[in-house]
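> Pasted the sequence and its predicted model underneath.
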Amino acid sequence: MKNKWFLAIAGVLTLGLAPFFPEPHFFGKVKWILGGADGMVATDWFDFLMHGAPWFYLMYLIVIYALNKLKSSSEEKTLQKK
């Protein structure tokens, strides 16, 4: 499990934030999309997906981790009631 977290965090810190200056590329694309995505072409969407892949993977791991924690805590409560 640690390798998955390392991969996700390393991906976010490198590809997910590149280029670092003047602002991370992914955040610029998100702003563009939230602004209506006017003028975005297929290469811009592909670029968004490539720079966003580590972020999406990290979010996926966080959701899975949270769901497993909720499941295990509800199972513990069930066992305590018995």
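On my side now, so go ahead.
> If we go by neighbour counts, what in the helix or strand that contains Ala66 is buried?
Applying DSSP states H and E as the criterion places Ala66 in helix 42-81. Within helix 42-81, the residues that count as buried by 16 or more other C-beta atoms under 10 Å are Asp47, Phe48, His51, Gly52, Ala53, Pro54, Trp55, Tyr57, Leu58, Leu61. Heads up, the C-betas are built off the backbone N, CA and C, glycines and all.
> which residues touch the fourth one?
In this case it means Gly52. Gly16, Phe26, Lys29 (C-beta atoms under 8 Å, 6 or more residues apart in numbering).
> Neighbour-wise, give me the winner out of the residues you listed.
Gly16 (23 neighbours; other C-beta atoms under 10 Å).
> Quickly note the distance from that one to Pro24.
Here the criterion is C-beta to C-beta, to the nearest Å. By it, Gly16 lies 7 Å from Pro24.
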